[in-house]
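J.: Make a model of this:
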Amino acid sequence: MAQVNSRWFVPFLQVSVVHLLKTVRLLRLLRLLQKMDRYSQHSTVVLTLLMSMFALLAHWMACIWYIIGKMEMEANAYSWDIGWLHELGKRLEAPYGGIAEVNTTGSGPSIRSVYITSLYFTLSSLTSVGFGNVSANTDVEKIFSVCIMLIGALMHALVFGNVTAIIQRMYSRWSQYHTRTKDLKDFIRVHHLPQSLKQRMLEYFQTTWSVNNGIDCNEV
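T.: Numbering: from 1, shown residues only. Coordinates of the predicted model:
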């Protein structure tokens, strides 16, 4: 019995070691994270990544929305016509002939129209509360719509929160420049400095700002 166990354990150990060695490749992700951290300083890159993630999520949700409509159509009787696919077929004047014809090419709207409608519904649900022209009718569709709305609320917090931070970072120097200029003018007005000295101080401040871009070298 011990020999049998040893014969089984040795190949298992070899396979486990091989798989552990393959997991070392995951360390390459550290390089990717370093590059992402480097590129995250650029506002355009961050916005592009956020919008790409938003579009990919909408695509996945559109595929699930189509699968829900198709599965409910296949699982119910021939007279069942309350799903969103049936409603789309009626509006496009390409109704489904029956459950047996769900997967046929001549029954119902084209795959292109179905996908565009699904993507339109998911994007309108993720970005707002939907416009009602493509609506959830069955219980499963309504549950999925509620999930999309909750995910959309989280995406709003993520995307628009980052966009606000990016815009603030872009205009932080500009705001700092105007704040310091206003402080300097208030100082000149309070102490009643002569016009010649006022002009020299403003010119000096503008020159040093253009050279250093508002960065204090000693502080850095």
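
J.: Can you tell me, leaving aside adjacent residues, what's nearest to residue 134?
T.: In space, residue 134 comes closest to residue 121 once its chain neighbours are excluded; the distance is 4.3 Å by Cβ to Cβ, 6 or more residues apart in numbering. For every residue, glycine as well, the C-beta is placed using N, CA and C.

J.: tell me, how many neighbours does that neighbour end up with?
T.: As a burial measure, the neighbour count of residue 121 was computed by other Cβ atoms under 10 Å and equals 26.

J.: From residue 180, how far off is it?
T.: Residue 121 is 50 Å from residue 180, where distance means Cβ to Cβ, to the nearest Å.

J.: what do you get for residue 115?
T.: Between residue 115 and residue 180 the computed distance is 54 Å (Cβ to Cβ).

J.: More neighbours: those two, which one.
T.: Counted by other Cβ under 10 Å, residue 115 and residue 180 do not tie: residue 115 has more neighbours, with 16 against 13.

J.: List the contacts of the closest residue to the more buried one other than its chain neighbours.
T.: Using Cβ to Cβ, 6+ apart and skipping the chain neighbours, the partner closest in space to residue 115 is residue 62 (6.6 Å). With contacts defined as Cβ atoms under 8 Å, 6 or more residues apart in numbering, the neighbours of residue 62 are 115, 118, 119, 121, 122.

J.: Let me know the helix or strand that residue 62 is in.
T.: Taking DSSP states H and E as the definition, residue 62 sits inside helix 43-75.

J.: Which positions within that helix qualify as buried?
T.: 46, 50, 54, 57-58, 61-62, 65-66, 68-70, 72-73 (16 or more other Cβ atoms under 10 Å).

J.: now do stretch 140-152
T.: Residues of stretch 140-152 classed as buried: 141, 144, 145, 148, 151, 152 (neighbour count, 16+ other Cβ under 10 Å).
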